[in-house]
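[1] Sequence plus the predicted model coming up.
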Amino acid sequence: MTTTGLQSSGSDFIGLYDSLKEVYDKPFENNIEGETEVWQALEKAEGFEVTNESGDGRGIIIDHTFSYGGGVYMMGETDYFGGSGAPTTVRSTTTVPTLAAVAQMSGRVMRRMAGDQVAFANWAENLLPKRAKRAAFHLDRQALGTGTGIIGRMDAVTGTDDAIIAAFGIAGLSGAAKLLLRGDRTRWSPNANGSSPRTGMAEISEKPSVANGTISVSAVPTSGAQNDYVFLGDTQIVSAAHDIMGLEGIIDDGTNVATIQGLARATYPELNAQIIDSTSGNYSGTLSEDLIDYADSQAYENGDGGEPNLLIASRSGNRSFWKSLKSDRQITNPGGDYTGGRSQLQMLIGDRMVKIIPCRKCPDARAYGVDTRAIKRVEIGAGGWVNTTGSVFKQVSDSTGYLDAYVAHYIKECQIITYDPAMCYKITGLNTA
């Protein structure tokens, strides 16, 4: 088998040598930065119709019913029955992208791992799950985005502590530094579709500074310039336009994503979600009970009975909500001082409990009210490490011959689909708490 595009020189494996110590310090376990807060919160769709394989992956057909047709009247005795109007139904389609992760090791590490139980028995047991967790981090990032693959835009290109702005490529939306991890490989392009990328990749060389909104890279790509779009990628691939669709694109009114699942929102306004500006009215950019209750009512009244049961926000939004609760809540303890805290925050709307899920990749200015009947995640089979050749690790080769290196690939086919975005809401303009 020929495997190309791999970094297979000896220097690429220097980072593995610390794993060869007999006293194993678990460097991967101590630096876990992967989780799925949004992806797992969404309900999994079952029984969907899958089309044949297409160029971008498997296609999924989603049925929408926007109207059940007229035919309800009041009538007097012996009156004629009125006629019935046809229901308004339409089908949308979406492809299922493939999430891929790659783990590599040198031949030396492979042989020692197999030959020394004390030092190396758990090497793959630690590396592979942690690499999968990094994949999970970026799956969750995508679950909040617009499906373009854009992470942000460069506001400076010195290579050190450069500001990255416009999270998901949306002008004015901060938080792009939250969407990257140290060691991520990125490609830059002057175009939003990732075409004509700059020559050379930019690997994130330090932990991104979320507080300052900056990143540092090992090298600035040739001709890298201010306002370049940033995507995941390396010398072989640019991950543009292959992301799963996320909440910023689904819970939208056409501002960010004009066409959803092949249907134009201008043609089908039922696909427009409720967008609530938190800076208007008396809300002052605070994620409060009053604001959530108002947004919820809009989803119900304008979204054909939408009842969001999840509120996904940043931890800033979570703090803002908690502070708003403390301002008008008082617990009296006649026995003396009271010490309390907070766990999973929830809000009761009528007889329905809305769970508030803080997500570190969510921009501080955003909160998403999700009716899980309207938005679901789709998985084609279970994700896992490819072992079709009988082994997870496969030897690397190129046109010259076989290399003393091994590679493993993690594959997951998944997507987020929507039946009725109007049942959900997005709150914008929230202040950082």
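    That came through, no problem.
[2] Show me the shaky parts of the stretch 1-150 of the chain.
    1-35, 46-58, 68, 109-129 (pLDDT under 70).
[3] how about the helices in it?
    Using DSSP state H, counting those that start in this stretch, the helices of the stretch 1-150 of the chain run over 38-41, 107-115, 117-120, 123-142.
[4] Just to be sure, Ala405 is in a strand?
    Yes: per DSSP: H, G, I helix; E, B strand; the rest coil, Ala405 lies within a strand segment.
[5] Test my guess that it contacts Val396.
    Yes: between Ala405 and Val396 there is a contact under CB atoms under 8 Å: 4.4 Å. Heads up, the C-betas are built off the backbone N, CA and C, glycines and all.
[6] of those two, who's got more company?
    Ala405 (24 against 21; other CB atoms under 10 Å).
[7] mind listing the helices for the stretch 301-433 of the chain?
    Under DSSP H, counting those that start in this stretch, the stretch 301-433 of the chain gives helices at 315-326.
[8] Show me the strands in it, by range?
    Secondary structure of the stretch 301-433 of the chain, counting by DSSP state E, counting those that start in this stretch: strands at 310-313, 346-349, 352-358, 367-370, 375-379, 384-385, 394-397, 402-418, 425-428.
[9] export the ones you listed to TSV and tack on mean pLDDT and distance to Leu291?
    Formatted as TSV, those follow (pLDDT from 0 to 100; distance: least, CB to CB, whole Å):
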stretch	mean pLDDT	distance to Leu291
strand 310-313	95	11
strand 346-349	84	11
strand 352-358	90	13
strand 367-370	97	9
strand 375-379	90	21
strand 384-385	76	42
strand 394-397	85	53
strand 402-418	87	23
strand 425-428	98	7
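[10] so which of those is the most packed in?
    Scoring the strands of the stretch 301-433 of the chain by mean neighbour count under mean count of other CB atoms under 10 Å gives strand 367-370 as the most buried, with a mean of 28.
[11] As CSV, could you dump the C-alpha coordinates of that one?
    Extracted in CSV, the C-alpha atoms of strand 367-370 (Å, rounded to 0.1, in the frame of the first residue of the first chain):
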residue,chain,number,x,y,z
ALA,A,367,-26.2,31.4,23.0
TYR,A,368,-28.2,28.8,21.1
GLY,A,369,-31.7,27.6,22.1
VAL,A,370,-32.1,24.1,20.6
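[12] thinking again about what came up before, got TSV for the strands of the stretch 301-433 of the chain, with distance to Gln142 too?
    Listed next are those as TSV, based on distance: least, CB to CB, whole Å:
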stretch	distance to Gln142
strand 310-313	14
strand 346-349	26
strand 352-358	17
strand 367-370	14
strand 375-379	11
strand 384-385	19
strand 394-397	27
strand 402-418	8
strand 425-428	17
